[in-house]
Structures are given as C-alpha cells and as structure tokens.
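Colleague: coords below, sequence missing:
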Ligand SMILES: Nc1nc2c(ncn2[C@@H]2O[C@H](COP(=O)(O)OP(=O)(O)OP(=O)(O)O)[C@@H](O)[C@H]2O)c(=O)[nH]1
Ligand SMILES: [Mg+2]
C-alpha cells in the first residue's frame, strides 16, 4: 500500500507523449456535459469529491496522480479550474472534505449541485484554427439525490398505471416483507370518507413509512423517491399521493382516485418535467454507478431486485435522455457508449475483482437487453473513489479500520460470479469501514477514475 501511494506522488513519473492532432481530436467539442447517474448511495458525491481532489492536486501540486490520463498531460495544461454552473448551487467540495477530515462520510445529497471543470490548454501548432492563445475545454458535472432518478419513469404513466404497478411491485420480491404495515393500513382505511387533507396525510405517512423502512433495508425501486427527502422542492406534504387498491384506481369517479390523480398530475408537470429537463437532459456520455454491496450484504433477492430496478430505469439511462440519443448517436451515426460502473470496489480483496465484474455484468443484463438492436456499446468497470482498505495477509483478505477504530483483517469467501452461485438465505458480509485519517492519499490512490475520465473523453483505448 505504502509503495503504491509513494508511486503516485512521484512527480517525475513519465506521462505518455501526446501529439497535437490527438488533442484536437479529443477536444473538438468544447463543452462536455456529464450526468453521472446512480441510485441513492451509489457513490456519486464521493466520486465527484475524489475527482475534484485529484484534479486540484494535479494542478496545484503538480502530482501526476492520474497517470493514465494521457490526453491531459500537465505540460499541455495551462490551468485547471473548478467553477460553479449558473443556475446550480456550487458542489459542496470543501464541506465534503471537512466531513472526511472529521472521519465522517459526506452527507446524502438532498438537492442538485453543479460544478464545471475548465481546462485551459496551451495552443499547439495543430490547433491553429483557434486564434486565441489558448483553448478552454469545459466539463460540466451535475450531482443530485439518487432518489430522483427512480421517479423519471413515472412521467410516462397515468396515475392509475403507476398505482397498479407500484402495488404489484411492493407485493413482490424482498420489499413485500416491509409492506405489511402499509397494506394493513389500507385494508382498514375507510375510502368511503372524503379525501380531506387530514386523511390524505394519514395515508401518505403510512406509505412513506414503508418507503423509509424498505430503503433502510436495501430496496432500490421506491417510488416516488422524491417523497423520501425531507427537504424536497416538491411539496409532497400538500400534493402527495400513494398507490391505491385497483378497485379504486379502476373507478374514475371515485373521490380518492380524483384527488390522487390530480396530485399525480401536479407531480408530473411541476416537478418531473422540469427535473428531466434540468438534470436528466442530454449528456455526452452515460455513466451509471451501481453499488453491488448493499445487495450482497442483504440477500440474493436484493440483487435480483436491483437488477429489475436497472432494467426498469433503462429508458431513463438511454432514451430518457433522448437529446443525447438522437444528437450523438443517430445524427452522427456514432456508436453510443454507456458505462456501468460498480463503485466501492476497495471493499473486496483484489483477487475478487474479476468476480465482482462478472456479477455486475449479470446485474445489468436486463437493462442492456432493452437495447440489443440499438447502436449502443456497453462497458463495465470497477471504481473506488477512495482506496479505504489495504491488502491483507492472504489473497482473500483485506485490512481496514472498523467502526470501533480498530485495524482489523477480514478474510472473504469468493464473491459470487453469478446470482445463482449465491445460496438462498446467505449473504456476503460487507465490512463497515470508517473514513481513514490519511483519506487524501487514499483518494489519490482510488482506482478506476482515470479510466472513467478516459471514457468521458471518448477515446477507445481505455
Ligand atoms: N469503501 C468505499 N466506500 C465508499 C466509496 N464511495 C462511497 N462510499 C460509501 O458509500 C456511501 C454513499 O456514497 P455517496 O457518494 O454519498 O453516494 P451518492 O450516490 O451521492 O448518494 P445520494 O446522495 O444519497 O444519492 C458513502 O457514505 C460511503 O460510506 C468508496 O470509494 N469506497
Ligand atoms: Mg450524493
């Protein structure tokens, strides 16, 4: 471990040479926009925090900490700046670093943040079509609460369709075990009484309790995810709704149907439509972060449920960003590229990485199958925003500080390569790691971010 970190700090590390042509090719577009997509807790904010830390360290301290990033060699870069994006709150990088300094992980995201990375490049002969002495390349990144993404598919449904599908969904899979109280409330609820604000609140609170409990137990497809956030821009306390039994959703004259149908429509027009336009709009590349450890930690059924969620969101990942698909792929006749990234890969020993990658490939199967006839190329890879763990005494072991602050070593059974290899009723215990005090060096030692950047830059050779 020590050795790896030392290598990273070696300023003399050779950076592969670069010709101006390659550079012009990579930066033919001046602004690249990335919405790194991911369910709640998938690791978006930590990835952004690490990315900014790495880039700052690279530009301010001169460390070539992204050695594979050969398209942005320090000799070519005059300056790198992180700047806010108009209309977005600035990404709370310093708050996140302060939290890490105190040994705690950054807070879950509750609203949208943006930042842009402006890379000022030296002009080279082959870039002489530019008159200016330098070229600015702007990368825009948007961070948002993961709970928002699960709601986008609700845009294409009517209230009755959504309600019926939500009801079926909460009655199946591992989530059914958390839905019993909610169902009991509905069974006893008197829908003959008018839907007054008080009664709506009563029903809404019961449904929200289900969402909160299911989320705490590793369930990912929870709609509306926006209702899980305390401080939401959508006023769910006033315009909330819940699924209703099909005997009510099939009766368009039922007062409860009328009330919830109206609220659902407000949710679509006032919240989801602008959300899709501002956050899930066109981007240059699709990167989807996936946390496999929550599922591994719970059960095989949880992983199946995650697979179903990703398949359900496939349209949001690709077609939902229709601008991206039509502009980048159809018009330019390019191959679209979507990267599925398993995060927190430092939580398993190095020897298990291949197994994790194989499992990731199976988890994304359903999502990919939705696009078999489309010109989209999928890639899978593993990333750690921070290399929290160290290698253990054997191939199957890692060392880390546990929640009591003790430095411990854990030996792991192999990560299942396929879902069917995971036995019914078994689970794969994931270590509870704490933020280490040398977190900055461990951010710089994070794995896979350079490959991810390479992917963002659109080069084949990653
Ligand atoms: N070991 C390890 N843990 C990580 C890493 N990245 C994130 N985590 C853990 O995962 C948690 C969630 O990460 P976030 O980056 O906050 O996730 P998010 O996608 O922004 O989540 P929301 O804001 O809720 O949508 C963190 O609090 C850490 O506990 C990593 O690289 N390694
Ligand atoms: Mg976040």
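Modeller: Thanks, I have it. The structure displayed is predicted, hence computed values, not measured ones. Ligands and ions are numbered 1, 2, ... in the order given.
Colleague: in this protein, which spans are strands?
Modeller: For the chain, the strands defined by DSSP state E occupy 31-38, 77-83, 89-90, 113-122, 134-143, 285-290, 336-342, 376-382, 390-391, 397-401, 407-411.
Colleague: quick one: mean pLDDT over the third one.
Modeller: Strand 89-90 comes out with an average pLDDT of 92.
Colleague: tell me what that strand is packed against?
Modeller: Using 3 or more Cβ pairs under 8 Å, 6 or more residues apart in numbering; DSSP states H and E as the contact criterion, the neighbours of strand 89-90 among helices and strands are strand 113-122. C-beta: built from backbone N, CA, C; applies to glycine.
Colleague: now swap in the fifth one and tell me
Modeller: Under the contact criterion of 3+ Cβ pairs under 8 Å, 6+ apart, strand 134-143 touches strand 31-38, helix 44-61, strand 113-122.
Colleague: out of those, which is closest to ligand 1?
Modeller: helix 44-61 (3.3 Å; Cβ to the nearest ligand atom).
Colleague: so, low pLDDT: which residues of the stretch 351-462 of the chain?
Modeller: Counting by pLDDT under 70, the stretch 351-462 of the chain contains low-confidence ranges at 456-462.
Colleague: around ligand 1, pick out the residues from this protein.
Modeller: Contact residues (Cβ under 6 Å from any ligand atom) of the chain with ligand 1: 38, 40-46, 105-106, 108-109, 145-146, 343-344, 346-347, 384-386, 388, 433.
Colleague: show me which residues of the helix ranked longest in the chain are buried.
Modeller: Across the chain, the helix with the greatest residue count (assigned by DSSP state H) is helix 197-216. Buried positions in helix 197-216, judged by neighbour count with 16 or more other Cβ atoms under 10 Å: 199-200, 203-204, 206-208, 210-211, 213-215.
Colleague: check stretch 384-399 too.
Modeller: Using 16+ other Cβ under 10 Å as the burial criterion, the residues of stretch 384-399 that qualify are 384-390, 392, 396-398.
Colleague: what two of those have the greatest distance between them?
Modeller: Distance extremes for the buried residues of stretch 384-399: the farthest pair is 385 and 396 at 23.4 Å, using Cβ to Cβ.
Colleague: counting neighbours, what do you get for the closest residue to residue 244 other than its chain neighbours?
Modeller: Of all residues beyond its chain neighbours, the one nearest residue 244 is residue 163 (5.4 Å), with distances taken as Cβ to Cβ, 6 or more residues apart in numbering. The burial count assigned to residue 163 is 24, neighbours taken as other Cβ atoms under 10 Å.
Colleague: do the same with residue 413
Modeller: Counted with other Cβ under 10 Å, residues neighbouring residue 413 total 10.
Colleague: residue 428 is in contact with that one, correct?
Modeller: Yes. Applying Cβ atoms under 8 Å as the test, residue 413 and residue 428 come out as touching, 7.1 Å apart.
Colleague: just to revisit the earlier point, and the helices and strands packed on strand 134-143: which comes nearest residue 94?
Modeller: Counting by Cβ to Cβ, and looking across all of the helices and strands packed on strand 134-143, nearest comes helix 44-61 at 9.7 Å.
Colleague: phi and psi next, for the closest residue to ligand 1 within the stretch 351-462 of the chain.
Modeller: Sorted by distance to ligand 1 under Cβ to the nearest ligand atom, the residues of the stretch 351-462 of the chain start with residue 385, at 3.6 Å. Main-chain torsions, residue 385, degrees, to the nearest 10: phi -70, psi -30.
Colleague: what residues are up against it?
Modeller: Counting by Cβ atoms under 8 Å, 6 or more residues apart in numbering, residue 385 makes contact with 43, 46-47, 49-50, 343-344, 443, 446, 449.
Colleague: how does it look with 6 Å?
Modeller: 43, 46-47, 50, 446 (Cβ atoms under 6 Å, 6 or more residues apart in numbering).
Colleague: show me what the residue lying closest to residue 117 once chain neighbours are set aside is bridged to.
Modeller: Take residue 117 and drop its neighbours on the chain: the residue closest to it by Cβ to Cβ, 6+ apart is residue 139, 4.4 Å away. Per DSSP bridges, residues listed as beta-bridge partners of residue 139: residue 32, residue 117.
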